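> With the sequence up front, the predicted model follows.
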Amino acid sequence: MLCLGLNTAGPACDIAIAQDSRILAELAKPMTRGQDAELPSLVEEACSMANVRLNEFQRIGVVTGPGSFTGVRIGVAFARGLALASNADCVGVSTLEAALPEGQQGSAIVVLPAQKRAPDITFWTQTFRSGEATAEPREQSLGELVNLLEARPHMVFGSADQLQQSMPALKIQSVSPAGIRAAQLAAIYDPEQHRPRPTYGRKPDALLPGGIERR
């Protein structure tokens, strides 16, 4: 299955193309703004590297967040539009799912920084069992995360310096979200169960009239 993976939820436009278990192309360009202008040309460049055409993709996996509000919405909108134009299935992959290494076994939690300034230090977290998500992404405080890991030991993946300082004996495997994981997971996820919708991990600060959340 030929799959395109897109990750614009972080500080880069990260594009990857995979066919079955083979990685055909990977391309990343650091940026915190302007993804809407760069994404089409980067996808075109990745397709050229892999020697494939846009209409050949069977699945398009897109990282849906949590992460950069603007980056997430650009990536999801682009993936939806491209899927519609190419008649491919579009699959949503959370930022935490896109960071978990392939083949993980046992109980695991992925931890990525959310709010980095004291005293309101928080993390995006999601728990897994042998690669399968057991909960939705959520935002947790440092204290909540420490209590969770003391009560229920997990293998910990991600980036969490403050957590490491609070739990010096804890082993944290450094990982980060990647477009290639979005492509790989798109091939195995059910598109009906993993819709390409923005994932924020917390309620938005701004609401539409009547208190309705933006989607």
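Received the coordinates, thanks.
> dump the residue contacts of residue 69.
For residue 69, the contacting residues are residue 200, by C-beta atoms under 8 Å, 6 or more residues apart in numbering. Bear in mind the C-beta positions are built from the backbone N, C-alpha and C, glycine included.
> And it, how far from residue 199?
Distance of residue 69 to residue 199, computed by C-beta to C-beta, to the nearest Å: 11 Å.
> Which stretches in this structure count as helices?
Counting by DSSP state H, residue ranges of the helices within the chain are 35-50, 69-86, 142-151, 161-166, 179-188.
> Give me the mean pLDDT for the first one.
So the one you mean is helix 35-50. Mean pLDDT, helix 35-50: 96.
> Quick one: distance of it to the chain centre.
19 Å (C-alpha atoms, centre = their mean, to the nearest Å).
> Could you do the longest one as well?
In this view, helix 69-86 has its centroid 14 Å away from the chain centroid, taken as C-alpha atoms, centre = their mean.
> mind checking which of the helices of the chain is nearest residue 57?
Taking C-beta to C-beta, helix 69-86 is the member of the helices of the chain nearest to residue 57, at 5.7 Å.
> Pull out the buried residues from that closest one.
69, 71-76, 78-80, 82-83, 86 (16 or more other C-beta atoms under 10 Å).
> quick one: the spatially most central residue of the chain from residue 32, how far?
Nearest residue to the geometric centre of the chain (C-alpha atoms, centre = their mean): residue 95, 2.1 Å. Distance, residue 95 to residue 32, using C-beta to C-beta: 15 Å.
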